[in-house]
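Asker: Here is my input, please return the structure:
(one chain, ligands or ions: 1)
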Amino acid sequence: MPHTYKCLINGELINTQANLTVINPANEKTIDQVPDCGAAELDKAVQAAAAAFRAWSNKPIDARRAALMNIAEIIESNQDELMRLLTAEQGKPHEQAAQEIGLSALWLRGAASLDLDDQIMEDSDERLSRLRRVPVGVVAAIVPWNFPVLMAVQKLGSALLAGCTLVLKPSPFTPLTTLLLTELIRDTIPAGVLNVISGGDHLGPLMTAHPGVDKVSFTGSTATGKKVMENAAGDLKRLTLELGGNDASIVLPDVDAKTVAQSLFWSSFSNAGQICIAAKRVYIHEDIYDAVAAELVDIANQVKVGDGSEQGVGVGPIQNKRQFERVCELIQDAKDQGYKFLVGGEPGEDIPGYFVPLTILDNPPENARIVAEEQFGPVMPLMKFSSVDEVIRKANDSDYGLAGAVWATDTDAAVEIAEQLETGTVWINEFLHLSPLVPFGGHKQSGFGADFGREGLEGYTYPQVITVKR
Ligand code: NAD
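Answerer: Okay, here's the model as predicted:
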C-alpha cells in the first residue's frame with residue numbers, strides 16, 4: 001500500500017516496499033506508516049546531494065538565505081496542521097507543539113542572518129593571507145525524537161546556508177511532521193539539495209559510514225554519538241555531535257522561592273523532561289530548600305499530565321516505550337533504595353499511553369541512579385547543599401557537560417559560580433534559552449563541536465587560506 005508520507009530523493013517523492021509504523025504515544029494507536037529506507041535509497045540520496053552540491057555552493061549566499069526565508073514562510077502558513085501532527089506523533093501538548101513549529105520558522109530567519117565573510121589573517125609588507133570558508137559537501141543529518149521539527153530545521157538551515165547539500169533522517173519514532181514539511185517545501189529548493197529519508201535504526205550507521213558523506217551532524221544520546229564517531233573515522237568525516245546531558249541547576253539562598261520555583265519547574269518538566277538541556281539535577285541551598293521544594297510540589301499538583309491534544313494538559317506522555325521503560329526503571333530503583341518522594345512516583349497505571357506522573361524526589365544521595373544518570377523524563381531530584389565549593393564539585397562530578405544554570409539575586413556571585421562549571425552553556429536566572437545567533441555545544445561527553453552562531457555555521461565548512469606573497 002502506498003504511504004501517505006513519502007521520502008524526498010533528488011526532488012522526487014518516493015515510497016518503499018518496507019515500512020515503519022508510527023504510533024501516538026498518548027494512546028499507543030497507529031497513526032500511519034512511513035517508508036523504511038535502506039542502503040539503496042541512501043545511495044540515491046547521497047548521489048543526488050553530491051550532484052547538486054556544485055551548483056548550490058556556487059550560488060551567492062543571499063540566494064541561499066532566501067531559501068531559508070521561504071521555508072520559514074511555508075512553516076508559518078501551515079502552522080496548525082504541522083502542530084497537530086507533531087502532538088500526535090511526539091506527545092507534547094498543542095501549545096508546546098505550536099511553540100516548536102513557531103520557533104522553527106523564527107530559527108530559520110535568525111540563521112539566515114548569519115554570515116561567513118572572509119577574514120584577513122595577515123596584511124603585511126610581505127604577504128596578504130585571507131581565510132575563506134568553503135562548504136564541506138554532503139551532510140548526513142540525524143535527528144532525535146524530542147524536538148523533531150526544530151532540530152531538523154536547525155540542521156537544514158545551517159547546512160543549506162553554508163552551501164552544503166544534505167541527506168536528513170528523522171527519528172523512526174517521529175518522522176511524520178518532518179516528512180509533511182518536506183513535501184510542503186520541496187518545490188522551493190533545487191532537486192538534490194535536500195533529501196529526506198525515513199528508516200529504522202539500521203539506517204543511521206549506513207549514513208555515518210557512507211563514503212559519499214563528508215560531514216555528519218548528529219543529535220542524540222552519548223552512547224549512539226560514540227558509535228557515530230567510530231563509524232565516521234573510516235574516512236575522517238567532519239562531525240558535530242550534540243549529545244546527552246545531566247544538567248545541574250544551582251539555587252542560591254538569596255532568591256524568591258515562589259518566583260524561582262515557576263521557572264525551575266518548567267526547566268525540568270517541559271516536554272515531559274525530554275530535553276537535552278532540561279534541569280536534571282537541582283541543587284538548592286539548605287536555607288531555602290524547604291520553601292522552594294514546597295512551591296515545586298504545589299505547581300506539580302496543579303499541572304495536568306495527559307494526552308497533549310486535550311485542553312488544559314501541561315505535560316504529555318513519554319515519547320516511546322523504550323524511554324518510558326527506562327524512566328520507570330529509574331523510579332523503581334529510587335523506591336527500592338528507599339529515597340523519599342515529595343510527589344509522584346507511581347507510573348504504570350493500566351491505561352494505554354506512556355504516562356509518567358510528575359515526580360519530585362527529596363534529597364537522594366549523589367550516587368543515586370536518578371542523580372548520576374540522565375533520566376530524560378519528568379522526574380526531578382532535589383538536593384540540599386550548604387557551601388558553594390561543595391555544589392560546584394557536585395555539579396562538575398559528571399561525564400556530561402552540556403549546560404547548567406544558577407539562580408540568584410546577586411548575579412555577580414552567580415557568574416562566579418558559572419565560570420567554574422564544566423559545561424558549554426550556563427544560564428543565570430533562566431533555562432532552555434537557545435538562539436540561532438549564539439553557539440551551543442557540550443563539553444566532555446555531551447558533544448563535539450558546536451551548533452548555531454557563526455561558530456556552528458563554520459562547522460559545515462573547511463577553512464581555506466589563500467596567501468599572496470608581496
Ligand atoms: P538516539 O541516540 O537513540 O537516536 C538519535 C538518532 O540516531 C535517531 O534518529 C536514531 O535513529 C539514530 N541512530 C540510532 N542508532 C544509530 C547509529 N548507530 N548510528 C547513527 N544513528 C543512529 O537518541 P534519542 O533517544 O532519539 O534522543 C535522546 C537523546 O538525545 C538524549 O540523550 C538527549 O540528551 C539527546 N539529545 C541531545 C541534544 C543536544 O543538543 N545535545 C538535543 C536533543 C537530544
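
Asker: I'd like to check which residues are in contact with residue 179.
Answerer: 5, 6, 7, 34, 170, 196, 198 (Cβ atoms under 8 Å, 6 or more residues apart in numbering). For every residue, glycine as well, the C-beta is placed using N, CA and C.

Asker: Look at the closest residue to residue 170 other than its chain neighbours and tell me its secondary structure.
Answerer: Across the structure, with Cβ to Cβ, 6 or more residues apart in numbering as the measure, the residue nearest residue 170 apart from its sequence neighbours is residue 178 (4.1 Å). In the three-state summary, residue 178 is assigned as helix, counting by DSSP: H, G, I helix; E, B strand; the rest coil.

Asker: What's the local residue count around residue 314?
Answerer: The burial metric for residue 314, expressed as a neighbour count using other Cβ atoms under 10 Å, is 21.

Asker: May I ask which helix or strand encompasses the residue of the stretch 251-400 of the chain found nearest the ligand?
Answerer: The stretch 251-400 of the chain approaches the ligand most closely through residue 276 (3.1 Å), counting by Cβ to the nearest ligand atom. If you go by DSSP states H and E, residue 276 is not part of any helix or strand.

Asker: That one and residue 402 touch, don't they?
Answerer: Yes. Counting by Cβ atoms under 8 Å, residue 276 sits close enough to residue 402 to count as a contact (6.0 Å).

Asker: picking up where we left off before, which member of the contacts of residue 179 is positioned nearest the ligand?
Answerer: residue 170 (6.6 Å).

Asker: tell me, how many neighbours does that closest one end up with?
Answerer: If you count neighbours by other Cβ under 10 Å, residue 170 ends up with 29.

Asker: Please report phi then psi for it.
Answerer: With angles defined as degrees, to the nearest 10, residue 170 sits at phi -70, psi 170.

Asker: Contacts only, for it.
Answerer: Going by Cβ under 8 Å, 6+ apart, residue 170 touches 143, 148, 152, 178, 179, 196, 198.

Asker: now these: which count as buried?
Answerer: When these are checked for burial by 16 or more other Cβ atoms under 10 Å, the buried set is 143, 148, 152, 178, 179, 196, 198.

Asker: hmm, back to that, give me the common contacts of residue 276 and residue 402.
Answerer: Both residue 276 and residue 402 are in contact with 243, 244, 245, 446, where contact means Cβ under 8 Å, 6+ apart.

Asker: Quick one: name the residues of this structure near the ligand.
Answerer: By Cβ under 6 Å from any ligand atom, the residues of the chain that approach the ligand are 142-146, 169, 171-172, 201, 204-205, 208, 219-221, 224, 227-228, 242-245, 276, 374, 376, 402, 442, 447.

Asker: re the thing from before, what is the nearest of the contacts of residue 170 to the ligand?
Answerer: The closest of the contacts of residue 170 to the ligand turns out to be residue 143 (Cβ to the nearest ligand atom; 5.6 Å).

Asker: Now for the closest one: which residues touch it?
Answerer: The contact partners of residue 143, taken as Cβ under 8 Å, 6+ apart, are 151, 152, 155, 168, 169, 170, 171, 178, 219.

Asker: Which ones among these map onto strands?
Answerer: When those are checked against strands using DSSP state E, the ones located there are 168, 169, 219.

Asker: Looking at the stretch 101-250 of the chain, which residue is nearest the ligand?
Answerer: Here the residue of the stretch 101-250 of the chain nearest the ligand is residue 204; by Cβ to the nearest ligand atom that distance is 2.1 Å.

Asker: could you say which helix or strand contains that residue?
Answerer: Using DSSP H and E, residue 204 maps to helix 203-209.

Asker: Output the contacting helices and strands for that helix.
Answerer: Packed against helix 203-209 by the contact rule (3 or more Cβ pairs under 8 Å, 6 or more residues apart in numbering; DSSP states H and E) you find helix 39-58, strand 138-142, strand 165-169, strand 215-219, helix 222-232.

Asker: For the next helix or strand after the last one, which strands pair with it and how are they oriented?
Answerer: Going back to what we said before, that points to helix 222-232. Using DSSP H and E, the next helix or strand after helix 222-232 towards the C-terminus is strand 238-242. Strands flanking strand 238-242 in the sheet, each with its direction: strand 215-219 (parallel), strand 447-448 (antiparallel) (DSSP bridges).
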